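In: Predicted model follows, preceded by the sequence.
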Amino acid sequence: MHSAREILNMKKTGNRIFRFILGSFTLLTSLALAFVIIFIVKEALPTFQNVSLKEFLLTGDWMPISGIGNGPRFGILNFLAATIFVSFLAILIAGVVGIGAALFLSCVATDRMRGVLYPFIDLLAGIPSVVYGFVGLTVLVKLFLKAGVRTGSCVLAAAILLAVMLLPYLVSAVSETLLKNKDAYLKAADALGVDSWYTICGIVLPASFKNILAAMILAIGRAMGETMAVMMVIGNANLFPTLLGKSETIAAVIALEMGTAVNGSTHFHALYAAGLVLIIVLMGINFGINALRKRFI
Amino acid sequence: MHFRSFIIRLWAYVGMGLVAGVIVFLFGYIFYKGGACISWEFLTQAPAGAMLGQEGGIFPAITGSLAFTLTAVVIGAVPAIATALWIVFFCHSKRLEEILHIVIQCIAGVPSIVLGLFAYSLFVRDLQFGRCILSSGIALGIMVLPFIEVRAEKAFRELPQQMIHAVYALGCTKTHAMLTVVLPACRAELFSGIILGGCYAMGATAPMIFTGAVAYASNPTSILKPAMALPLHLYLLVAQGTASLGIAYGTAFVMMAVILISNMLVTIYARRRQRAWKQ
Amino acid sequence: MRKKSLALFLTAAMAICLFVGCGQDKSTSSKDDSKKTEEAAQAKSDSAIMFCGSTSLYPIMSSLASSFTEQYETWNNVDASLPEKNISIYVAPGGSGVGISAVEEGTADFGMVARTVKDEEKQALGDGYQEFVVAKDALTVSVNAKNPIADKMDSLDTETIRKIFAGEITKWSEVDSSLSDETINVYIRDLSGGAYEVFQKAIMGDSVITASATQSASMTELATNVAGDENGIGYVGFGAYNMANQNEKTLVAMKVDGVEATEETILSGDYTVQRPVLFCTGKEITDIQQKFIDYIFSETGYKVVEENGYIPAFTVK
């Protein structure tokens, strides 16, 4: 038989062990991030022994194979521009449609309808990226081809596809904010005799503006990282992005050319460097949002 | 005044209509085009035919995807839930909590293709795991981790404080409280997080391409060997062109069906648990 | 209290990072050595074969792997002297470049390559380098069957082709004044395809292919693209060309400098824009691997290569 003190101590140790296990897993999570960043940086740095940072970031000349023209050149300007352009365009489209849908969900739909509609819209979030690309290829690209765009694949098609992929996140975030604000203000406005939609348009929307913007900017992060769907409909040409022209995003370049890059060559390291640039841009956006949130909330 | 509110109202209806329309179209289109291809043989046989994939089925891709998803979920969910538990119940410093949240956000921000690159350079190449389910599983696990962690943390935070305090008041240790009260109470959210995280991992192609998914393999036998996967199979079929398009639809059908069924299961289960909750 | 726990946490994190960072090189190299000897020993008895590489060859390999596995199921059914293990053959795509890299790194047994292997690559692969040429593939210069140029002329000379692909000639009317004023849509393979380099050497020389050309991830995709675009032109592989014209004529191949792409001209070498489709390895070939290789070069293999539209580079013994 154990004394009360002994039992207490056993429990304390048990507690400590459990806490230690949980703590180590938390540490593991942080280490995972550290490892990812360290490895990408490690593989990316050798690029800059052969290519200057300026040339890498500011030229659009990407020719990784030697023996053509004047040697291998690595400039990701077009890819970077395409990534940013497509993401912004996608957010714009998703924003317009998404805020509308969020308005419906928060201000028109009843609680019951919301219970059905939220999971329904969440379905969009579950559809795999390849399937989006597949449908984009068989439907969107064909439509564009009929409309006269040269090969059907273009930046606009990719933006539309990306917008659809971003919709669920945008709609849920925005409708949550709108719902909160609506609950806060609508009753009072009603009591004052103001028409509900006037309130929504004049008070609820503007009040939610900051959160909506934040949600949109966060979604940009998701958009920039998207690989497969965009790759299948954007045409993959090293051109500066124009609305109906072909282009290539950083993620697509990595996916397509990783196969050709000989292990340890500058091409190989350049691809990692491009990935690093992508991560830096994304983290920049994340940190920016967090900092702004702190100041303005 | 009336005009403005009318426009906003119109915006709401049109927006919702578009969103609903797109969802119905996506599922309807794939089910319609892919339905012709689905048969018992398709689901249970290996791909065959002189032009691979023309005949036979996609069974190894299905079992392969299952293997990838399971590995990814185990590798991703365990740290995710542990981290969420630690942050909510054991972390006493606001600063640390903030830092950890930033870490999770950053992990979520790493593009999936970059995770694939990382897993390739560390696990496939440097540690010589080779192309295998484990290498892909780690990449996918890291990808899914923030997804599950955020949901788990939300679930833990939404537990009523009175319940937790009551448990402590009864003299239970934190460990005991976690294991016997918190985790079971959040079963629904954890369950849905894991299932949905699994769907996310199942559909991701980019991390798998260089780390473990192949164009042909028989059913997976060990996690130290590569396997076929549904999304890669779909991508390869599409790349092969018009000849394989029918089968591509069939593969997409299978993936969409899995998504639909998982989402429905999760929603029904969550609804049922919620009713047990509401006081 | 809070400061203390934070300090402890950070110290622990740093310590672990240092540990892992320093230990990394040592542990991986020792792991490498032990793994290599383990692998070598296992390779003899390992029943798994891994192919990796070219997007042109992987469909053939996958098909053969599938029929082989289904026919025999375990190695001892192929040859009684082999162990009773399940047949596991893996075929991974990625491109000719990946093929070479994978064999170099040791992550694949055989690399599938759809171009000639360079000398540096042969050296990097090791002393035991062997290559097995499965088929010959030619790059046709194909246009859409609906393109009126097919009626006007049946041959393009290298210089014209080069100018079209380099973007110096942009409209069909510049090739022949009777043709339409539409822009020429150039389709190419992506950089990881062996075809890109082959075409570069055979036709382009020092010129660079125009940046507005559409990249395709595989030959079949290229064929589909040109077949779907009336103003398209692309270097569709011979195999993909035949497959695209299986049911109805969707592509027309222009002769290059008067030489048509046929089986004879390709095999004889008269048609210059061609490439070997092969797989190679740097290690010694095990008995198990040899059995599968025999299967590839058997009559079944011959038929599969043909059905995929390529010209078998071997005869059945």
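Out: Here it is on my side, so go on. Numbers count the residues shown, from 1 in each chain, chains lettered A, B, ... in the order given.

In: residues near whatever residue of the stretch 101-250 of chain A ends up closest to chain B, how many?
Out: Relative to chain B, the nearest point of the stretch 101-250 of chain A is A:P128 (2.4 Å; CB to the nearest CB). For every residue, glycine as well, the C-beta is placed using N, CA and C. Residues contacting A:P128 under the criterion other CB atoms under 10 Å in any protein chain shown number 25.

In: Would you confirm that it contacts B:A201?
Out: No: if you go by CB atoms under 8 Å, A:P128 and B:A201 don't touch, sitting 9.9 Å apart.

In: Quick check: the gap between B:T63 and chain C.
Out: 13 Å (CB to the nearest CB, to the nearest Å).

In: And that residue, which helix or strand is it part of?
Out: In the assignment (DSSP states H and E), B:T63 maps to helix B:59-85.

In: residues contacting the residue of the stretch 101-250 of chain A closest to chain B?
Out: B:202-205, B:231, B:255, B:259 (CB atoms under 8 Å, 6 or more residues apart in numbering or on different chains).

In: Show me what the helix holding B:T63 packs onto, helices and strands only.
Out: Contact analysis of helix B:59-85 by 3 or more CB pairs under 8 Å, 6 or more residues apart in numbering or on different chains; DSSP states H and E lists helix A:4-44, helix B:40-44, helix B:133-157, helix B:187-203, helix B:230-240 as its packing neighbours.

In: how big is the angle separating the last one from helix B:59-85?
Out: Helix B:230-240 runs at 130 degrees relative to helix B:59-85, counting by axes from the mean of the first three to the mean of the last three CA atoms, to 10 degrees.

In: Redo the contacts of A:P128 as a markdown table? Include pLDDT and neighbour count.
Out: Listed next are those as a markdown table, based on pLDDT from 0 to 100; neighbours: other CB atoms under 10 Å in any protein chain shown:
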| residue | pLDDT | neighbour count |
| --- | --- | --- |
| B:M202 | 91 | 24 |
| B:G203 | 89 | 25 |
| B:A204 | 89 | 28 |
| B:T205 | 89 | 26 |
| B:P231 | 92 | 28 |
| B:M255 | 90 | 27 |
| B:I259 | 89 | 23 |
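
In: Between those, which sits nearest chain A?
Out: Closest to chain A, out of all of those and judged by CB to the nearest CB, is B:G203, at 2.4 Å.

In: wait, doesn't the closest one sit right on B:A229?
Out: No: B:G203 is beyond contact range of B:A229, at 9.8 Å (criterion: CB under 8 Å).

In: thinking again about what came up before, close to chain C as well: tell me which of the contacts of A:P128 qualify.
Out: Among the contacts of A:P128, no residue lies close to chain C (CB under 8 Å from any CB of the partner chain).

In: Widest-spaced pair of those residues?
Out: The span of those, defined through CB to CB, is set by B:T205 and B:I259 at 14.7 Å.

In: Against B:I113, how distant is the most centrally placed residue in chain C?
Out: In chain C, the residue lying closest to the centroid (CA atoms, centre = their mean) is C:S54, at 1.9 Å. With distances taken as CB to CB, to the nearest Å, C:S54 is found 22 Å from B:I113.

In: what is the rounded mean pLDDT of stretch C:241-252?
Out: Average pLDDT, stretch C:241-252: 81.

In: neighbouring contacts of stretch A:184-201?
Out: For stretch A:184-201, the external contacting residues (CB under 8 Å, 6+ apart) are A:103, A:107, A:182, A:203-204, A:207, B:1, B:4-6, B:8-9.

In: what's the answer for stretch C:118-129, then?
Out: Contacts of stretch C:118-129 (CB under 8 Å, 6+ apart): C:100, C:103-104, C:111, C:280-284.

In: Tell me the one of the residues you listed nearest A:L276?
Out: C:E104 (24.2 Å).

In: quick one: pLDDT of that closest one?
Out: Predicted confidence (pLDDT) for C:E104: 84.

In: How about it: what's its closest non-neighbour residue?
Out: Among residues not flanking C:E104 along the chain, C:A124 sits closest, at 5.5 Å (CB to CB, 6 or more residues apart in numbering or on different chains).

In: Can you tell me the element that neighbour falls in?
Out: Secondary structure (DSSP H and E) places C:A124 in helix C:119-125.

In: B:C186 against B:L159, yeah?
Out: Yes: the pair B:C186 / B:L159 is scored as a contact, 6.9 Å apart, by CB under 8 Å.

In: Which one of these two is surrounded by more residues?
Out: For B:C186 and B:L159, the more surrounded residue by other CB under 10 Å is B:C186, and the numbers stand at 22 against 15.

In: residue contacts, the residue nearest the centre of chain A?
Out: Central residue of chain A (CA atoms, centre = their mean): A:R222, 0.8 Å from the mean position. The contact partners of A:R222, taken as CB under 8 Å, 6+ apart, are A:165-166, A:169.

In: And the residues you listed, which is closest to C:V134?
Out: Distances from C:V134 to the contacts of A:R222, taken by CB to CB, are shortest for A:M165, at 40.1 Å.

In: now the closest one, nearest residue through space, not along the chain?
Out: Leaving aside its sequence neighbours, A:M165 sits nearest to A:Y132 (CB to CB, 6+ apart; 5.8 Å).
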